[in-house]
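[1] Show me how the following folds:
(2 chains)
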Amino acid sequence: MQHEASQKPHPSNPDSGEALRAARDILPLAIGVAVYGAAFGLLTAQAGMDGLEVGVMGLTVFAGSSQIVAVERLVAGAGASLAIIAGLALNLRLLLLTASVREIYAGRPWWQVILGAHLTSDENWALMLSRRAAGEIVGFWYMVGSGVLICTVWIAATVAGNIFATAIPEPRALGMDFAFTAAFIAIACTMWRGWSDALPWSLAILVATGVGLTSIVDTSFGIVAGGVGGAVLAGALGHD
Amino acid sequence: MTDPATAAGTAAIAITMAGLALGTISIRLVGVALGRSLPQRGPWARGLKALPGCLIISLVTVLLVQNGPQEWIAALVALVVACLTRSLPITMLCGIAAIYALRHSGLFL
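    Residues are numbered from 1 along each chain as shown, chains lettered A, B, ... in the order given. Predicted coordinates:
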């Protein structure tokens, strides 16, 4: 029957096709992650961490910028509590990331919810949403497939950077520090839904600039404040 | 390559790793729970739907605010390329090439 033939398998079953496609799609971003991972590996060597510790940290935390900030705090002699607080403050935006894709977790067993949430990073979350904006039907297994690839690359690059610390070039000298800015600009372009986004996005830019410039804590609070500000305005303005 | 002047203690490293790992997965899961508890229609749902775009544009803004005119010009190049090609790898390549060229030219410092 036509109807049965076109039905997708139960959504809890792994969709390896979607996961593999996601892993392929995220490769350009993975190159940027590898460059940053190598640079972070250098920092971990300065902190006195060994390759095993760096690998375990990458696997269990999997939030690059917070790892960088926490280890940088340790190197600066701030102590474990301040290092954890600084890292977690940076990760507050992850709460908004996982909340904004709530539908991909619907009806899933608890272990899949934990797996998907743990593998949600700026890069694969943004990539998944941009593919959706372009009309593709992608969801949980897209997030998992791209997340596994990014996580693997992150661990490999950070451990390699830790072990071969002295041979790592500075990302800025190659212009590679701009890789993610360019990537997020491309992703923002595909996520523009039309002029109904103009006001919320403008407010987001204003708030992010204001908080980013003035924040005494960390510029990353500008991301959270801008995102929430724009979303609140969109909620207040629009019609269902 | 452990430098005794900067190396953190083994205990401090272990505590930081554990605290950051537990805290981060908690934040991610609280997000899932928060998303589930918000209504499917109305202002909350509209806000949540607009959230990703607003977060991305805020992220780009914060990245650019931290930098100067060279990065702003390279961002403009990336924006034009992104609008024309709709391609992630091409936009990344052109953005990196633009910032590389600008920095080595010494213009717009």
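[2] ok, so what distance separates residue B:51 from residue A:232?
    9 Å (C-beta to C-beta, to the nearest Å). C-beta: built from backbone N, CA, C; applies to glycine.
[3] Of these two, give the one with the bigger neighbour count.
    More neighbours surround residue B:51 than the other of residue B:51 and residue A:232, with 25 against 19 (other C-beta atoms under 10 Å in any protein chain shown).
[4] which residue is nearest the centroid of the chain?
    Defaulting to chain A. residue A:122 (1.9 Å; C-alpha atoms, centre = their mean).
[5] look at chain B instead
    By C-alpha atoms, centre = their mean, the most central residue of chain B is residue B:59, 5.3 Å off.
[6] That residue is in what secondary structure piece?
    In this structure, residue B:59 sits in helix B:43-65 according to DSSP states H and E.
[7] Output the contacting helices and strands for that helix.
    helix A:80-100, helix A:122-133, helix A:179-191, helix A:198-214, helix A:221-237, helix B:69-85 (3 or more C-beta pairs under 8 Å, 6 or more residues apart in numbering or on different chains; DSSP states H and E).
[8] which one of those helices is the most hemmed in?
    Stretch with highest mean neighbour count among those: helix A:179-191 (a mean of 25; mean count of other C-beta atoms under 10 Å in any protein chain shown).
[9] Off-centre distance for the helix or strand of chain B with the lowest mean pLDDT?
    Between all helices and strands in chain B, the lowest mean by mean pLDDT, DSSP states H and E belongs to helix B:43-65, at a mean of 90. How far helix B:43-65 lies from its chain's middle: 12 Å, per C-alpha atoms, centre = their mean, to the nearest Å.
[10] for stretch B:84-98, same thing?
    For stretch B:84-98, the distance to the chain centre is 17 Å (C-alpha atoms, centre = their mean).
[11] List the buried residues of it.
    B:88-98 (16 or more other C-beta atoms under 10 Å in any protein chain shown).
[12] Among the residues you listed, find me the one that's closest to chain A.
    Within those, the smallest distance to chain A is 2.8 Å, found for residue B:95 (C-beta to the nearest C-beta).
[13] helices or strands next to the longest helix along chain A in the packing?
    When chain A is parsed with DSSP state H, its longest helix is helix A:140-163. With contacts taken as 3+ C-beta pairs under 8 Å, 6+ apart, helix A:140-163 sits against helix A:16-25, helix A:27-46, helix A:51-61, helix A:110-118, helix A:122-133.
[14] Throw those helices into JSON lines and include mean pLDDT and distance to residue A:146, thanks.
    JSON lines is the format used below for those (pLDDT from 0 to 100; distance: least, C-beta to C-beta, whole Å):
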{"stretch": "helix A:16-25", "mean pLDDT": "95", "distance to residue A:146": "4"}
{"stretch": "helix A:27-46", "mean pLDDT": "89", "distance to residue A:146": "8"}
{"stretch": "helix A:51-61", "mean pLDDT": "97", "distance to residue A:146": "16"}
{"stretch": "helix A:110-118", "mean pLDDT": "97", "distance to residue A:146": "11"}
{"stretch": "helix A:122-133", "mean pLDDT": "93", "distance to residue A:146": "4"}
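[15] Distance to chain B for those - can I get that in CSV?
    Converted to CSV, the helices and strands packed on helix A:140-163 look like this (distance: least, C-beta to the nearest C-beta, whole Å):
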stretch, distance to chain B
helix A:16-25, 8
helix A:27-46, 4
helix A:51-61, 4
helix A:110-118, 4
helix A:122-133, 5
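[16] restrict the buried residues of stretch B:84-98 to those near chain A?
    Restricting the buried residues of stretch B:84-98 to those near chain A by C-beta under 8 Å from any C-beta of the partner chain leaves B:88-89, B:91-92, B:94-97.
[17] average pLDDT for the longest helix of chain A?
    Per-residue pLDDT values over helix A:140-163 give a mean of 96.
[18] what comes up buried for it?
    Neighbour-count burial for helix A:140-163, counted by 16+ other C-beta under 10 Å, picks out A:140-151, A:153-162.
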